[in-house]
Structure formats: structure tokens, C-alpha cells
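Visitor: Output the structure for:
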Amino acid sequence: MTPPLVPQTRFSALVALTFAMVSPAAADFVINDDLVVDGSTCTGFDCVNGEVFGDDTLRLKEAGLRVHFDDTSADATPGNDWGVEINGLLAGEMSYFGIVDRTAGVMPFAVEAGAPAASLHIDGNGDLGIGTSVPANDIHILSGLAPSIRFEQDGSGGSDPQTWRIFGSHLGFGVNDVIAGTTPFMTMSNAPQGSLVVDTSGNVGVGIGALTPASLLHVYSETGTARALIEEASTTQAAREMFRMQNNGGSYFTLANTASGRDWFFTHENNVGGRFIVTSSTNPSQGLFLAPDGNLSIGGTLTTGGGTCGGGCDRVFSDAYDLPSIAEHAEAMFTLGHLPNVGPTIENTPINVSDKLGRMLNELEHAHIYIAQLEARLAALEARPTNP
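Guide: Next comes the predicted model:
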């Protein structure tokens, strides 16, 4: 006979469906009323008479436990079937607790046996802990070494497989390209405030405190260490383009001295001439102007490092200087085909202007000495008495 109902407490409909106790009778028990059990319940082929429940209220006991939720709702309402599975049924399959979408035939959630404590924990604030039961943020991942998140594209969507890994460790925070075996992005532990900032305009700030970058790239420092280094470490020696400024028109860069208030401008001229110009903010109309044809104009004076002068610059006026006679100098000049101390001047070949100018000065001094000698001779001739 059907056990008498206990009126004190109603048990759920689930228990009513699973309450078919193990019995020698072959017929199903059908209970057309509420079922209330004042005590614990064991359901399954391996339940025994005198089952020791401990603190269990409901126990399911047999090999390969399965619970099925069969929703018989009409088509117009949600009616997906769900199930709970405990462990695989065959040797070698994993031990697990799983929630199964019976309608779709997939298991969207599973916990394998042996998973550590707090593998997945949601606290009272809705924060998710992975590896921790006290999450400090919306998502908190705790691991003994380099906790990480993996993004894997397996190629099933038609694109090439690709895997990325975001990690954090005692060394720093980085992004790995797992397939390539590289770490294209890394920020080291204890990096200073504002080491890398991207603002709402896309401007990038690099350096201490550069939280509001003023341009597309703003390198900022307050420690006297601001600088930029471009280094090519190839072992192959070759000339390489290491810095390039490109614009639809002229371009320039500025060297600004915030102490003096003076700026220097290095400019690629924005007109047909396209000259290279170096000017200052204090005198912008004067400077260095280099044309594409190589012609150079300087708005001020030109001071060089000086030349050798060939024969010793002003030493020609020294008594110790071995000054050739006019005839000796003339013979050397016509024999060489050029002024001896100036040297040859070959057309369309580079000229050391400083050295050439000093040598020309030396020859000019020779010439003036010779002029003075000739003037003295002429004066002596003019001083002679004339015959009547």
C-alpha cells in the first residue's frame, strides 16, 4: 500500500517524481496527491535498507547518475529540456558534475572531479572569483604563478587559427602570441604612473604623469630622462632610413628652449623651391637656406675652423720666413700652372673652402710684399738724378 501522508510539511514535486523507492514489486507507484516525507530520501538502484543519511535530505545512489528535467510546455512557451549528469558511463571517461541542455544535446557547464577549492565562486556582490572565494573585483583570478586568460580561435569559423594569452606575474603584465611564440606587449612591474596612456582622442602619452597627452605621441618626464632612441641591431652593416617625416606639403620640427624662450626650426619649405631652412624664433628671416640644387645662402656671417694657408698664413712677414724672390715665385707659378701655395683648382670637384681661402690669403700676402718691393725699386729709380 501507499505510505500514509504526513501533513506537517510538503515536499517538492521533484521529490514526488523521484520517490519511487526500490521495491520487489514490478509495478510503478503512482501517487495522485502531494507527497510529504518526514525524513531523508534515497533514490537509486544501490539504496539499501537502513541507509545512513548523515546530513543528507535527498540522496541519489547508483552508477552513472542522471536527473532529467522534461518540460512539456506548449510550443508557444519556453520548453527546453535540461539534465544533470554525474560522471561518465564508460571506463576512461572523466568524473564530473555537469548540466546538460538535453534539447540541444550539449553540456554547457561541467566541473571535473579534483577541481581545487574555489575554482569558481560568486560572492554576495556578484563578483566572480576563479581560484578564490573572496573576489576583490568583478572578476578576480588567483593562481600561484602567472594567472592568465587565453583567447583561442580554432579555425572552425573559416579564419586561420590564432591563440592569444593575457597574463600577469611578478615580472609584469603582458600579451603573448601563443602560435608565434612572442610577447608583443609587456609592461614591467613597478612601471611608473602614466607610463602609457591613450586618451579619448587616440593621443598616446609615454612617461611619468603623461595622463593628458597633448599630441598623437607625447613623451613626458619630470626626472631629466626624457629621450627617444631608435636602434637597429642588425649585424649587417648598411645605410638605413632611421627617421622619416612625411606630409602632403612642407614639414618642420622644432627645438624649443623653455628657459630662454628661443626656438629653432628645421623646415622643409612648403613651396616650389622646397628648400631646407634652419631659422630661429628670434630672427626667422635670417638663417641657413639650402636649395635642392645645392646652392646655400646664409643670412649672417660665416665663421670656419680656419685653414692651413699653405705657407703659414701671416708667417710671410716674419724675418725667419724663406720668401722666394719675384722671379723664383714666377718660375714656380708658371711651371706648376697655379699659385704655389693655393694649389690646383680642378673644375667641378669639391673644394675645401676654409683651406683654399687661407692659401689664397697667403698668396695675396706674397703679392703685396712683392708690390712693396717693386714700389721701393721704382722709388729708388725715380730718385736718381737725371742727366742734362
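
Visitor: quick one: the helices in the stretch 201-350 of the chain?
Guide: Assigned by DSSP state H, counting those that start in this stretch, the stretch 201-350 of the chain shows helices spanning 326-336.

Visitor: Quick one: the strands in the stretch 101-250 of the chain, in order.
Guide: With DSSP state E, counting those that start in this stretch as the criterion, the stretch 101-250 of the chain has strands at 106-112, 121-122, 128-130, 139-141, 148-153, 162-168, 172-177, 182-188, 196-198, 204-206, 217-219.

Visitor: Show residues contacting the third one.
Guide: Contacts of strand 128-130 with the rest of the structure, by Cβ atoms under 8 Å, 6 or more residues apart in numbering, involve 118-123, 135, 138-142. From N, CA and C alone the C-beta is placed, and that goes for glycine too.

Visitor: pLDDT of it, averaged?
Guide: Mean pLDDT, strand 128-130: 97.

Visitor: Can you pull up the most central residue in this protein?
Guide: residue 185 (5.6 Å; Cα atoms, centre = their mean).

Visitor: Count the residues that sit near the closest residue to that one other than its chain neighbours.
Guide: Residue nearest to residue 185 in three dimensions, not counting chain neighbours: residue 175, with 4.3 Å by Cβ to Cβ, 6 or more residues apart in numbering. When counting by other Cβ atoms under 10 Å, one arrives at 15 neighbours for residue 175.

Visitor: quick one: contacts for residue 175?
Guide: 164-167, 183-186.

Visitor: Most neighbours out of these, which is it?
Guide: In these, the most neighbours by other Cβ under 10 Å go to residue 167, 19 neighbours.

Visitor: Do you know the pLDDT at that residue?
Guide: For residue 167, pLDDT reads 97.

Visitor: Can you give me the distance of it to residue 233?
Guide: 27 Å (Cβ to Cβ, to the nearest Å).

Visitor: what's the answer for residue 111, then?
Guide: According to Cβ to Cβ, residue 111 stands 50 Å off from residue 233.

Visitor: So for these two, which sits in the more crowded spot?
Guide: Shown here are residue 111 and residue 233; by other Cβ under 10 Å, residue 111 has more neighbours (13 against 4).

Visitor: Which residues are in contact with the more buried one?
Guide: Counted by Cβ under 8 Å, 6+ apart, residue 111 has contacts 96-98, 119-120.

Visitor: again, only this time at 10 Å
Guide: Applying Cβ atoms under 10 Å, 6 or more residues apart in numbering to residue 111 gives the contacts 95-99, 119-120.

Visitor: Adding distance to residue 71 and secondary structure, write the residues you listed out as CSV.
Guide: Formatted as CSV, these follow (distance: Cβ to Cβ, whole Å; DSSP: H, G, I helix; E, B strand; the rest coil):
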residue, distance to residue 71, secondary structure
95, 28, coil
96, 24, strand
97, 21, strand
98, 19, strand
99, 15, strand
119, 30, coil
120, 26, coil
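
Visitor: Tell me the buried residues within these.
Guide: Listed as buried from those are 96, 98; burial here means 16 or more other Cβ atoms under 10 Å.

Visitor: ok, so of the contacts of residue 111, who is nearest residue 54?
Guide: Using Cβ to Cβ, residue 97 comes nearest to residue 54 of the contacts of residue 111, at 19.3 Å.

Visitor: Which residue, other than its chain neighbours, is closest to that closest one?
Guide: Nearest one to residue 97, counting by Cβ to Cβ, 6+ apart, is residue 111 at 4.7 Å.

Visitor: Ok, residue 110 next?
Guide: Residue 110 sits nearest to residue 98 (Cβ to Cβ, 6+ apart), 4.0 Å away.

Visitor: next one: residue 228
Guide: residue 219 is the one closest to residue 228 (Cβ to Cβ, 6+ apart), at 6.4 Å.

Visitor: ok, what's across the strand from that neighbour?
Guide: Going by DSSP bridges, residue 219 is paired in beta bridges with residue 206.

Visitor: how near is it to residue 208?
Guide: Counting by Cβ to Cβ, the gap from residue 219 to residue 208 is 10 Å.

Visitor: try residue 87
Guide: 56 Å.

Visitor: I would like the residues contacting stretch 263-277, please.
Guide: For stretch 263-277, using Cβ under 10 Å, 6+ apart, the contacting residues are 245, 247, 249-257, 278-282, 284, 287-293, 295-297.

Visitor: Per-residue pLDDT of the residue nearest to residue 97, please?
Guide: pLDDT at residue 111 comes out at 97.

Visitor: What number of neighbouring residues does the nearest residue to residue 249 once chain neighbours are set aside come out with?
Guide: Once flanking residues are discounted, residue 249 sits nearest to residue 270: 5.0 Å by Cβ to Cβ, 6+ apart. Residue 270 has 12 neighbouring residues, counting by other Cβ under 10 Å.
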